[in-house]
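Q: Whatever this is, show me its structure:
(2 chains)
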Amino acid sequence: MIPDPGRDVLIKARLGDRPAFRKVVDTLARYTFNLAYRMTSNASDAEDLSQEVFLKLYQNLGKYDPGQPFPPWYRRVATNTALNWIRARKARPLAVEEVEVAVAPAEPDETSERVRAAVRKLPEEYRTVVTLRYMEDLSVEEIARALDAPVGTIKTWLFRARDMLKESVGATL
Amino acid sequence: MICEEARAFLQDHVDGALSEAARGVVEQHLSGCADCSGEHRALSEIHERLKAEPMLDPPEGFARRAMARIFPAQKFSFRREILRIAAAVLVTLGLTLTLTSLDYDEIFGAENVESVKTMIPSIPDVYNDLLEDGQ
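A: Coordinates of the predicted model:
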């Protein structure tokens, strides 16, 4: 779930109040970093992408209507920035041995690690829909709205993504 | 229901996106088909693993570095400072040269004061004094 910095803080931040914008960044930091980490697969790129997301947020905050809920609007900014960033970097899926482990999971689990590695190897669109579907528990319709893509396309990506995951991980299950 | 049909519904079943009637048909097939139930188990496992992925804490100083990227501090530039001082010196020199080269006698001479007086008939007496001094 995306935390909401609150209407008053957002209004101040829209008017260029720097401490208010810092509060917005603090509130969204964990969500943004996790989204970026799942999209890029390593901590350094995740931080770079997160900064890009916050820069876009700062540049576009004037377009946000404070009368509307903030989280869905921010999700669109964040996911579209992430997709563009990945395309611009021509990010390739990483091999398991290339992946930097930023934070070790609390309880290392071979199957979970295999699933994680398989997600990292998915094409960018598939990885995005899997991230949104499972990280945020979004429905197919919500993902379609966030990515501005047809529902049928999202269903296809999700289907293929899980099929690929099953192929990669299935043998161990 | 044959296996091919059932497999088209397995992901939706795992997602809980099937109607009650469709779910019943799929489950009936799964109960009698080892291949499809194995497939279903694998999908369910992936679904659960992905949902259970832990949220990570951002690294130390994350928000501060993001703010520094958006609002970069103005760095001291020796070249920029030199250019700024040179520009100030040039402007001062230019003004000094202009002011010292003006012919003040001509500007404030009797002729000009007289013409001003003609244009403004009610010119105060103080300017008459100036006119007399000029003569």
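Q: So what touches the helix or strand harbouring A:I154?
A: Assigned by DSSP states H and E, A:I154 falls within helix A:151-169. Helix A:151-169 is contacted by residues A:111, A:114-115, A:117-119, A:121-122, A:125-127, A:129-130, A:133, A:140-141, A:143-144, A:147, B:11, B:39, B:42-43, B:45-47 when judged by C-beta atoms under 8 Å, 6 or more residues apart in numbering or on different chains. From N, CA and C alone the C-beta is placed, and that goes for glycine too.
Q: is the helix or strand of chain A with the lowest mean pLDDT up against chain B anywhere?
A: Least confident helix or strand of chain A, by mean pLDDT, DSSP states H and E, is helix A:110-120 with a mean of 80. Yes: Helix A:110-120 lies within reach of chain B by C-beta under 8 Å from any C-beta of the partner chain, at A:T111, A:S112, A:V115, A:R116, A:V119.
Q: Neighbour-wise, give me the winner out of those.
A: A:V119 (25 neighbours; other C-beta atoms under 10 Å in any protein chain shown).
Q: what about whichever helix or strand comes after the least confident helix or strand of chain A, average pLDDT?
A: Remark: after helix A:110-120, the chain's next helix or strand is helix A:124-135, criterion DSSP H and E. Averaged over helix A:124-135, pLDDT sits at 86.
Q: just checking, what packs against helix A:124-135?
A: helix A:18-40, helix A:70-89, helix A:110-120, helix A:140-147, helix A:151-169, helix B:34-51 (3 or more C-beta pairs under 8 Å, 6 or more residues apart in numbering or on different chains; DSSP states H and E).
Q: What lies in contact with that helix?
A: In contact with helix A:124-135 (C-beta under 8 Å, 6+ apart) are residues A:34-35, A:38-39, A:79, A:82-83, A:86-87, A:91, A:119-120, A:122, A:138, A:140, A:142-143, A:146-147, A:154, A:157-158, A:160-162, A:164-165, B:47, B:50-51, B:53.
Q: of the residues you listed, buried ones?
A: A:34-35, A:38-39, A:79, A:82, A:86, A:91, A:119-120, A:122, A:138, A:140, A:142-143, A:146-147, A:154, A:157-158, A:161-162, A:164-165, B:47, B:50, B:53 (16 or more other C-beta atoms under 10 Å in any protein chain shown).
Q: Point out where chain A drops to low pLDDT.
A: A:90-109, A:170-173 (pLDDT under 70).
Q: coming back round to it: any chance of the helices and strands packed on helix A:124-135 in CSV, plus distance to B:E5?
A: Listed next are those as CSV, based on distance: least, C-beta to C-beta, whole Å:
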stretch, distance to B:E5
helix A:18-40, 33
helix A:70-89, 34
helix A:110-120, 27
helix A:140-147, 21
helix A:151-169, 15
helix B:34-51, 10
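Q: Let me know which of those is the nearest to A:K63.
A: Closest to A:K63 of those, according to C-beta to C-beta: helix A:70-89, at 8.8 Å.
Q: what about the closest one, distance to the chain center?
A: 7 Å (C-alpha atoms, centre = their mean, to the nearest Å).
Q: is that helix anywhere near chain B?
A: No: using C-beta under 8 Å from any C-beta, we find that helix A:70-89 stays clear of chain B, coming within 12.9 Å at best.
Q: What residues does chain B have near chain A?
A: So far as C-beta under 8 Å from any C-beta goes, chain B lies against chain A at B:11, B:17, B:39, B:41-43, B:45-47, B:49-59, B:62-63, B:65-67, B:69-71.
Q: For the residue lying closest to A:F70 once chain neighbours are set aside, which three-state class applies?
A: If you skip the residues right next to it in sequence, A:F70 has A:D4 as its closest partner in space, 5.2 Å away by C-beta to C-beta, 6 or more residues apart in numbering or on different chains. Secondary structure for A:D4, judged by DSSP: H, G, I helix; E, B strand; the rest coil, is coil.
Q: Could you give the number of residues near A:D4?
A: Neighbours of A:D4 (other C-beta under 10 Å): 15.
Q: Isn't it up against A:P72?
A: No: counting by C-beta atoms under 8 Å, A:D4 sits too far from A:P72 to count as a contact (10.6 Å).
Q: so where is chain B shaky, pLDDT-wise?
A: Applying pLDDT under 70 to chain B picks out residues B:74-77, B:104-114, B:116-135.
Q: quick one, helices of it?
A: B:3-15, B:20-32, B:34-51, B:62-70, B:78-101, B:104-107, B:110-119, B:125-134 (DSSP state H).
Q: neighbours of A:P69, just the number please.
A: Residues within reach of A:P69, counting by other C-beta under 10 Å, total 10.
Q: ok, the closest residue to it other than its chain neighbours - contacts?
A: Spatial nearest neighbour of A:P69, chain neighbours left out: A:D4 (7.6 Å); criterion: C-beta to C-beta, 6+ apart. Neighbouring residues of A:D4 by C-beta under 8 Å, 6+ apart: A:T27, A:P69, A:F70, A:P71.
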